[in-house]
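>>> pasting the structure only:
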């Protein structure tokens, strides 16, 4: 299948150490390095996660009880260790740390002892529920654990060159490959919770071993085929009824073979991880049928099912999707991991070439609904990301399902890989952030530096500080939300209309050391309106500036937030405030405030409310709930005719 | 405590047979008589309710499983028989029916056999769970069953003169009185679900036996005292934890002694039935401390916690109250029985004298959120009454908790008793409906006829067709929602400003046969706005006419209802349409409709939606979901500045 003629069109993210990140992301990376990863390790230790994999310790007690369906979140503690390893590894890549490596090496030793002679390795099914191996792929996260351990092992190898973890995982996967597949005598299974697919492609990319790509492709292609594996498996274990009504075949996207799917449905994180795996396989195998499917699903998500914050999956019941245009604000589930999963997916779609259709959404997800997960102290985390709060929604120290903290840590730890990507003779700049990168392009080393105060200011200076390459293409994103952007090359203004492809300023030339490309992306305050079929946002607007969605928070606005009304024609200004939240741009403006004093004890009356003037101050959504608990609101009601 | 000097100020509803009801309510009464009561009986029979009380039948199987807390809705099947008997009785009062009486007599015979020598009688605790009598007053509805059986027995006695059921219940209550009370050796218990209190006062009123009033007073006064009976009871049965987190002391209004309560909280039906019992005891014992409490609670409900439809209790979780100003529309629980309970409570508050503060709300509840329960076919019922629907909320043939169908049947069957009430020398007209009543006032018989097409037209002609009374007061409600009402007595226009007390046109004179009082209550379409703190109705209005709240229904408005926008200044007209829903007034008007065609695949954009003109047609809320399933919406979004 591979067709090497296509190879030069494939864009791949750099390795973590290839990009040095400063600016906006620097303090966030530092707080993750200094606080979050420690929190991850300590909380797992406190939970008993490490005892569960340690065969020298007594079998630990059941800390998270089994549900009626016989499932416990304790079943995927292995995945936490994988994600912690991965997050640590990205931070190690930048700065080795003997203490941290000692911790991880010790965990790898535990897994080495846990692994059975046949290669199987799962702390739950070996220690807590022996004998139930491969009896419920649908619900037990058995392969999800493999995927995260594998991502951890790959990252740790890349960061340190240590192979032990990777060797363990390859032994495990040889066993998995012997059990699952289309070949006679093998089980035709695939995971209920996707993740192993994308991890296998990571392994393929560092080993060039085609069996891992083939196995990933098998899991993707087998999904949703008839007879349905999960049904057969349920019959085999005499399951009378599905005790968790949210677990449908849509829930885990196994309702149809993947190429027949045209709606993003079910559990949002599973959907995102599936699409990542599909994109990886599509890219490595040049499978256009998968790519067409992915574009259809991308359209569906972004045109009907994506919060303005990049959040998705409004419902707590299935941690996932409901109906088109269903965007409850206060009860939005919008799980952090799903938005991070969208960033993963977007990054993979950019593998097919620079296109703001993907990069705009990647930026939207990362800077809003993903980053909102992380408290500025690095020690508290949002699992759910509502767009409205009465003040009672606050970040957790930990969560009974601790998937989000390590996920945001590994995203932040690898943020440099989202900024740039490289093809054989092209370099793409997708995100703007003070940074420098060193890449191999068109046969030579290219070092690029990016100077910018983005996302607070739209001026970006890109300089090729070293260029040993032949002619290559530089593709620089002009954000889809921007207007009137200007660009210059070595001081000469560029004409953008004809040099822009799929939203990227695209210049192919024999680049020289010192070449400097400057962008000026104006960042006025934008007033955004939602599609008329979004019932929850009728007669509202949201404020945005640059890539950031803004919100009102009670601490800055001393009135009940639902009483505010914004005039559609109101003008807003932005102001950088060093004294707020460590330095952010706030949005200031005038608004009206509904008065309640003249309502006496009436709930309903024939005259509308009276209004008075007020000032409002908005902050970036990602930064809310970092001061005192209080109300928050993204969508702000408009003034109506009588209020004018 | 009783002080007979107050007696002439007390207003009491007439008995059901004293009022003949025609007009608007006549076909509703007929469909209840011909269909609903039959449905009630048949469904109970099908459920096995009658087998549960029949000691000659084998103990029936458990049809409704026990919850984790050990409770089953099957525990209150006795109450269904009480409510069915009551509903039947009101219809019998008007027109005896040997067939129906045979059915009820047979049920009474079953209870006669079931009753134990000590008087106890509960089909669940005798047949299904023997030995658990009086072990969990909080959760098991044990006394709630007594209350409904007693209301049924009283009504059946009043309708037929047959005493058997009443005798059974009096034996039962003598036993209850021997078990519960403040006296040494008695249990200090009271019901988790109120109901017995108001029923005991009904028994007191027909027997004049003070022990029943005293027992009702004991239950009211003991509620919420410390040490808390439900806590003691829970310890006695070794309850480790409350398995139903919604069951708090607020849930059943036992969190405080009743006179210290100032918020309507918890399960809405329990709250309404408690307040009814409190009002009954307050009236019969002239207890102003209870009345002050009730006025405080009335204020709280009507100024912060009452839907525009008279519905209440937005949450499914506790079938009850949440926070002030919390009025979700699509997910409004607004249980029918709670709104009917509000009508019961309002009727009792009117016992203290005519006051539109109570009568307006009584009318609001009856004509909107209560009547909406009943399909026009009399055979389908709403348990929940949301103010917005996507078309999937439809009336049930039956409900696993079948409390609402008999409740609406008994309300409709006794609707005449809400129209009028009488004091020693006063007659009050609270509601307007074609009807006639014969009452004893000021020592003589007074017959009044009411001619009106209300609620479709506001012209009302009241005539004293026979008047053998001395001087007395006629108090006629001028609805609080009305403006510019005019009135005339025997053709002479009345000056209303100085003849109106608490919203009632109040005339004291030596009335003569033939005296005719005419009211003309204008009924323009009203546009109603909600209090600014109701987040869910921001930038919306609702349409009303007379006592009726209106809604848009998909069948009349062929567009997605959330796309409509109403201009605050738009003028609406009403029109009587014989061809719609058996004859109703519809509201017609112009509106705008948001266009989606130019949104391409955008979910959010910088320019607001475009609009086109449209026509809308609204129908009374109570009548929705009687044609084809479809969308419904009460609160309609306003036009904003840019749409003009």
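Happy to help now that I have it. Everything quoted here is computed from the prediction, not taken from an experiment. Numbering: from 1, shown residues only, chains lettered A, B, ... in the order given.
>>> hey, let's count contacts and neighbours off CA atoms from now on
Noted.
>>> Quick check: phi and psi on the spatially closest residue to residue A:319 that is not a sequence neighbour?
Of all residues not flanking residue A:319 in the chain, residue A:267 sits nearest, at 5.3 Å (CA to CA, 6 or more residues apart in numbering or on different chains). Backbone torsions of residue A:267, given as degrees, to the nearest 10, read phi -60, psi 120.
>>> Is there a neighbour count for residue A:267? I'd like the number.
Counted with other CA atoms under 10 Å in any protein chain shown, the neighbours of residue A:267 add up to 27.
>>> how much space between it and chain B?
Distance from residue A:267 to chain B, counting by CA to the nearest CA, to the nearest Å: 21 Å.
>>> show me where the stretch 1-150 of chain A has helices.
Counting by DSSP state H, counting those that start in this stretch, the segments of the stretch 1-150 of chain A that form helices are A:25-31, A:37-47, A:49-53, A:77-94, A:98-114, A:123, A:142-160.
>>> so which of those comes closest to chain B?
Chain B lies closest to helix A:37-47 among the helices of the stretch 1-150 of chain A, at 24.5 Å (CA to the nearest CA).
>>> Tell me the helices and strands packed up against the closest one.
Counting contacts by 3 or more CA pairs under 8 Å, 6 or more residues apart in numbering or on different chains; DSSP states H and E, helix A:37-47 packs against helix A:77-94, helix A:404-413.
>>> Now do it against helix A:98-114: the angle between them, please.
Our comparison of helix A:37-47 with helix A:98-114, counting by axes from the mean of the first three to the mean of the last three CA atoms, to 10 degrees, yields an angle of 40 degrees.
>>> any idea of the mean pLDDT for helix A:37-47?
When pLDDT is averaged over helix A:37-47, the result is 89.
>>> residues making contact with stretch A:141-160?
A:75-87, A:89-90, A:92-93, A:96, A:122, A:134, A:137, A:162-163, A:165-166, A:169, A:190-200, A:202-203, A:206 (CA atoms under 8 Å, 6 or more residues apart in numbering or on different chains).
>>> By proximity to chain B, which residue of the stretch 51-200 of chain A wins?
Using CA to the nearest CA, the closest approach of the stretch 51-200 of chain A to chain B is made by residue A:68 at 12.7 Å.
>>> Counting neighbours, what do you get for that residue?
Neighbourhood size, residue A:68 [other CA under 10 Å]: 10.
>>> Could I get the phi/psi values of it?
phi -60, psi -30.
>>> Pairing partners for the residue nearest to residue A:319 in the sheet, please.
Beta-bridge partners recorded for residue A:267 (DSSP bridges): residue A:320.
>>> Mind pulling up the pLDDT for it?
97.
>>> Please give me every residue in contact with it.
By CA under 8 Å, 6+ apart, the neighbours of residue A:267 are A:251, A:252, A:253, A:313, A:318, A:319, A:320, A:321.
>>> How about the contacts made by the second one?
If you count contacts by CA under 8 Å, 6+ apart, residue A:252 has them with A:192, A:193, A:266, A:267, A:270, A:271.
>>> quick one: which of these is nearest residue A:427?
Of all the contacts of residue A:252, the one with the least separation from residue A:427 (CA to CA) is residue A:271, at 29.4 Å.
>>> Mind checking what secondary structure the closest one has?
Residue A:271 falls in the helix class when you classify it by DSSP: H, G, I helix; E, B strand; the rest coil.
>>> Provide a list of residues in contact with it.
When contacts are counted by CA under 8 Å, 6+ apart, residue A:271 touches A:194, A:252, A:253, A:264, A:265.
>>> next one: residue A:463
A:448, A:449, A:450, A:514, A:515, A:516, A:517.
>>> Could you give the backbone dihedrals for the first one?
What it means is residue A:448. phi -120, psi 140.
>>> which one is it nearest to, not counting chain neighbours?
Residue A:448's closest residue in space is residue A:464 (CA to CA, 6+ apart), at 4.5 Å.
>>> Specify the local secondary structure of that neighbour.
With three-state DSSP as the basis, residue A:464 sits in strand.
>>> okay but it is in contact with residue A:439, surely?
No: here residue A:464 does not reach residue A:439: they are 11.1 Å apart, not a contact under CA atoms under 8 Å.
>>> list the residues that contact both of the two?
Counting by CA under 8 Å, 6+ apart, the common neighbours of residue A:464 and residue A:439 are A:446, A:447.
>>> before we move on, back to that, the residue nearest to residue A:319 and residue A:69, how far apart?
Here residue A:267 is placed at a distance of 17 Å from residue A:69 (CA to CA, to the nearest Å).
>>> ok so, going back, any chance of CSV for the helices and strands packed on helix A:37-47, columns distance to chain B?
Below are those laid out as CSV (distance: least, CA to the nearest CA, whole Å):
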stretch, distance to chain B
helix A:77-94, 28
helix A:404-413, 26
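>>> Number of residues surrounding residue A:612?
12.
>>> Mind listing what's buried along the helix or strand hosting it?
Per DSSP states H and E, residue A:612 falls inside strand A:611-620. Residues of strand A:611-620 classed as buried by neighbour count (16 or more other CA atoms under 10 Å in any protein chain shown): A:611, A:616, A:617, A:618, A:619, A:620.
>>> what's the answer for stretch A:478-487, then?
A:478, A:479, A:481, A:482, A:486, A:487.
>>> Kindly provide the whole-number mean pLDDT of that stretch.
97.
>>> Start and end of that stretch, how far apart?
End-to-end for stretch A:478-487, by CA to CA: 10 Å.
>>> and that stretch with chain B, contact?
No: residues of stretch A:478-487 contacting chain B under CA under 8 Å from any CA of the partner chain: none, with a closest distance of 9.1 Å.
>>> same question, stretch A:623-640
Yes: remark: stretch A:623-640 sits within contact range of chain B at A:637, A:638, A:639, A:640, by CA under 8 Å from any CA.
>>> centre of the chain versus that stretch, how much separation?
Relative to its parent chain, stretch A:623-640 has a centroid offset of 23 Å by CA atoms, centre = their mean, to the nearest Å.
>>> okay, how far is it across that stretch, tip to tip?
End to end - CA to CA - stretch A:623-640 spans 30 Å.
>>> quick one: buried residues of that stretch?
For stretch A:623-640, a neighbour-count test (16+ other CA under 10 Å) marks A:623-625, A:629-640 as buried.
>>> Repeat that for stretch A:386-399.
Neighbour count says stretch A:386-399 has A:386, A:387, A:388, A:389, A:393, A:394, A:395, A:396, A:398 buried, by 16+ other CA under 10 Å.
>>> worst-scoring helix or strand of chain A, pLDDT-wise?
Here the helix or strand of chain A ranked lowest by mean pLDDT, DSSP states H and E is helix A:37-47, holding a mean of 89.
>>> angle of it against helix A:404-413?
Using the same axes, to 10 degrees, helix A:37-47 lies at 160 degrees relative to helix A:404-413.
>>> Tell me which residues are up against helix A:37-47.
In this structure, residues lying in contact with helix A:37-47 by CA under 8 Å, 6+ apart are A:50, A:51, A:63, A:80, A:84, A:87, A:88, A:379, A:398, A:405, A:406, A:409.
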